[in-house]
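Visitor: make a model of this:
(chains A and B, ligands or ions: 2)
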Amino acid sequence: MRNIWSLMKKEIGAYFSSPIAYVVISGFLLLVGYFFYSLVSWFNAQAMQMAQNPYYAQHININEMVFSPLFHNMSIILILVAPLLTMRLLAEEKKSGTDELLYTSPLSVGQIILGKYFAALVMLAAMLGLTALLSIFAFAFGNPEIAPWLTGYLGLFLMGATFIAIGLFFSSLTDNQIVAAFLTFVTLLLLLVLNWVASSGSGTWQSVLSYLSLSQHFEDMTRGILDTKDVVYYLSFSSFGLFLAHSVIQSRRWR
Amino acid sequence: MIEVQGLTKKYGELVAVRDLTFKVETGRIWGLLGPNAAGKTTTMRILTGYLPATAGRATVAGFDVFNEPDAVKKSIGYLPEVVPLYLDMTVSGYLGFVAEIKQVPAAKRKAAIARAVESAGLKDVSRRLIKNISRGFKQRVGIAQAMIHDPKVLVLDEPTIGLDPAQIREIRELIKGLRGEHTILLSTHILPEVTQVCDGVVIINEGRLMASGSLEDLAASFERKDGVILKLRRAGAEEAALFKGIPGVDRVSAEGNELRIEWGRGRDLHDDVARLALDRGLGLREMRSVASIEDLYMKIVSGGLEQ
Ligand SMILES: Nc1ncnc2c1ncn2[C@@H]1O[C@H](COP(=O)(O)OP(=O)(O)OP(=O)(O)O)[C@@H](O)[C@H]1O
Ligand SMILES: [Mg+2]
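Guide: Ligands and ions are numbered 1, 2, ... in the order given. Presented below is the predicted three-dimensional model:
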């Protein structure tokens, strides 16, 4: 446990001693801020119109009209951001030869991978936490429901954690950060669009594809529905990514 | 303290280390000597648990490298060929991290870092970023890193490479100062490093053991004859004939401005040879022993000698 903590501290330090943390965090905030602003403006315009008609007035819902689309946008932005957070984690150690220090220290490969994984999760949590500050405006001036907001953030975190596990796996495959980032990006994009493919198919295929799709499980969470099935999906997907990274490193060293 | 038996490592088809057997006793400094691609780094990587061997056994500090890797890793300090540095860390921050992952207890960490900084001569740079210090200092950080947990065994892969002559001397002094408390295996392809620092040597070439043992034993066993090489102002047939006249000298051969004078082991003709050279005013430049490990190494590397 102490070993994991040591590595995690080191990785977080590494994020902030290079420009990468600052660039990624500010870019993420900028994009999310922009989407939030335009969604809120659109919502205000809509709400103004709808309020004149008593029938539509009941349907003014800030959760559905602002947060749900915002969470979707954020999940897309995370596809861009996650590879940037994970690309150097294992690739750089290999390139600079520092892996030789780690693997000749009394640490297990599992501890090394978990330390790095948790460090990236901390970055993810920090980024999501900062965007949550934006919502304070919505809570101050409107009256959104808290449950869908919370499950939406939980969903984003779980999804981001899965992205990071996949990114860590690709970082274990190569010593080139660009290659690691690009492969992660392509894979995440493919997993995201699986449910589009699925919607045009039929039968078992369709259900398999849409089950595998990363975004499908996120859908309910943005609406305030917390299903253990979805949580289990993300947790097992993450574990699978970490397991693959672990196997790659073990087999590289023992070949 | 370090025992290697029948160690073999294959990278696919290439056999990097072939049936290597040697032993380093506690408290000694041993050199692993060989030309490029001899298999030095590969051997060290196996000893430190970075790579698995294809066949054979190795024990370090009484622990089996393959069955008890964690115990071995705790008792070894390792300076890899490529110094494993995190360039964005400060020197002391880096040593702190290494102390943590080498399981130095929190209470002792500060003292451990201070000791490593002190003995590797890093005081002036301890707060600087590693990327901003010179090559020689980076190498020292590598050595400090290897010593941080006060390991019983140190494995140093080419510790003086890339340093200027003054720094080479300092690092050698540093390593010599560790004799007794630590058992050290250091690799090098330069011979003077071995003769100046080490008690013994393992010479390998193309993955094969060529010779191993203490320096004195080796020098003795490889030359039945004793003798000297004289560097003179001029070394021709005339000069050779002069030395041939000394009673007991078996053979004199000239090469360039050097004379190689040999006699049977057991006699000591050094004084006679020197006196003759001085009396005749032959312009003596240098006098060295033919049974030097240097000759031995040159022969081994050029393929002239098989054991
Ligand atoms: N990871 C690897 N994959 C394939 N071959 C390798 C690998 N590492 C080393 N080799 C080969 O094994 C042989 C021994 O290499 P090694 O690095 O052990 O030599 P060395 O004695 O340390 O040489 P040097 O003095 O140049 O550092 C070389 O022929 C090298 O090309
Ligand atoms: Mg080497």
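Visitor: where in the chain is pLDDT low?
Guide: Defaulting to chain A. A:57-59, A:195, A:198-199, A:201-202, A:253-255 (pLDDT under 70).
Visitor: looking at chain B here, not the other one
Guide: Residues of chain B that meet the cut-off, pLDDT under 70, sit at B:219-225, B:290-296, B:299-300, B:302-307.
Visitor: can you give me the helices in the stretch 51-200 of chain A?
Guide: For the stretch 51-200 of chain A, the helices defined by DSSP state H, counting those that start in this stretch occupy A:54-57, A:62, A:68-96, A:99-103, A:109-141, A:146-173, A:177-200.
Visitor: wait, which of those helices is closest to B:Val117?
Guide: helix A:99-103 (17.8 Å; CB to CB). Where you see a C-beta, it was placed from the backbone N, CA and C, and this is true even at glycine.
Visitor: distance between that closest one and the chain's centre?
Guide: Taking CA atoms, centre = their mean, to the nearest Å, the mean C-alpha location of helix A:99-103 is offset from the chain mean by 28 Å.
Visitor: ok, it near ligand 1 or not?
Guide: No: applying CB under 6 Å from any ligand atom, one finds helix A:99-103 out of contact with ligand 1, separated by at least 11.6 Å.
Visitor: summarise which helices and strands that helix is packed against.
Guide: Under the contact definition 3 or more CB pairs under 8 Å, 6 or more residues apart in numbering or on different chains; DSSP states H and E, helix A:99-103 sits against helix A:68-96, helix B:91-101.
Visitor: may I have the shortest one exported as CSV, CA atoms only?
Guide: Taking Å, rounded to 0.1, in the frame of the first residue of the first chain, the C-alpha atoms of helix B:91-101 are listed here in CSV:
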residue,chain,number,x,y,z
VAL,B,91,18.3,15.7,-6.7
SER,B,92,17.0,15.4,-3.2
GLY,B,93,13.4,14.8,-4.3
TYR,B,94,14.6,12.0,-6.5
LEU,B,95,16.7,10.4,-3.7
GLY,B,96,13.7,10.7,-1.5
PHE,B,97,11.5,8.8,-4.0
VAL,B,98,14.1,6.1,-4.4
ALA,B,99,14.4,5.8,-0.6
GLU,B,100,10.7,5.2,-0.4
ILE,B,101,10.5,2.5,-3.0
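Visitor: give me the angle between that helix and helix A:109-141.
Guide: Here the directions of helix B:91-101 and helix A:109-141 differ by 110 degrees (axes from the mean of the first three to the mean of the last three CA atoms, to 10 degrees).
Visitor: and the nearest residue to B:Lys40 once chain neighbours are set aside, what are its phi and psi?
Guide: Nearest non-adjacent residue to B:Lys40, counting by CB to CB, 6 or more residues apart in numbering or on different chains: B:Ser187, 4.0 Å away. Dihedral pair for B:Ser187: phi -110, psi 150, per degrees, to the nearest 10.
Visitor: contact partners for B:Ser187?
Guide: Residues near B:Ser187 by CB atoms under 8 Å, 6 or more residues apart in numbering or on different chains: B:31-34, B:40-41, B:43-44, B:156-158.
Visitor: keep those, but drop any that are not near ligand 1.
Guide: B:34, B:40-41.
Visitor: quickly name whichever of the residues you listed is closest to chain A.
Guide: Distances from chain A to the ones next to ligand 1 among the contacts of B:Ser187, taken as CB to the nearest CB, are shortest for B:Thr41 (10.2 Å).
Visitor: returning to that earlier point: and ligand 2, which of the helices of the stretch 51-200 of chain A is closest to it?
Guide: Judged by CB to the ion, the one of the helices of the stretch 51-200 of chain A that comes nearest to ligand 2 is helix A:99-103, at 12.1 Å.
Visitor: who touches that closest one?
Guide: For helix A:99-103, contacts defined as CB under 8 Å, 6+ apart pick out A:90, A:93, A:109, A:112, A:253, B:45, B:49-50, B:78, B:80, B:82, B:84, B:98, B:101, B:145.
Visitor: next one: stretch A:118-127
Guide: Contacts of stretch A:118-127 (CB under 8 Å, 6+ apart): A:4, A:7-12, A:15, A:21, A:24-25, A:28-29, A:78, A:81-82, A:85-86, A:89, A:157, A:160-161, A:164, A:167-168.
Visitor: what residue is smack in the middle of chain A?
Guide: What sits nearest the mean C-alpha location of chain A, by CA atoms, centre = their mean, is A:Gly160, with 1.5 Å.
Visitor: on that earlier part again, which of the contacts of stretch A:118-127 are buried?
Guide: Burial by neighbour count, 16 or more other CB atoms under 10 Å in any protein chain shown: within the contacts of stretch A:118-127 this picks out A:4, A:7-12, A:15, A:21, A:24-25, A:28, A:78, A:81-82, A:85-86, A:89, A:157, A:160-161, A:164, A:167-168.
Visitor: hmm, back to that, nearest to ligand 1, of the helices and strands packed on helix A:99-103?
Guide: Across the helices and strands packed on helix A:99-103, ligand 1 has its closest neighbour in helix A:68-96 (11.7 Å, CB to the nearest ligand atom).
Visitor: helices or strands up against the closest one?
Guide: Judged by 3+ CB pairs under 8 Å, 6+ apart, helix A:68-96 is in contact with helix A:2-17, helix A:20-51, helix A:99-103, helix A:109-141, helix A:146-173, helix A:177-200, helix A:216-222.
Visitor: can you put the ones you listed in JSON lines and add distance to B:Val91?
Guide: Below are the helices and strands packed on helix A:68-96 laid out as JSON lines (distance: least, CB to CB, whole Å):
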{"stretch": "helix A:2-17", "distance to B:Val91": "14"}
{"stretch": "helix A:20-51", "distance to B:Val91": "22"}
{"stretch": "helix A:99-103", "distance to B:Val91": "15"}
{"stretch": "helix A:109-141", "distance to B:Val91": "22"}
{"stretch": "helix A:146-173", "distance to B:Val91": "27"}
{"stretch": "helix A:177-200", "distance to B:Val91": "25"}
{"stretch": "helix A:216-222", "distance to B:Val91": "45"}
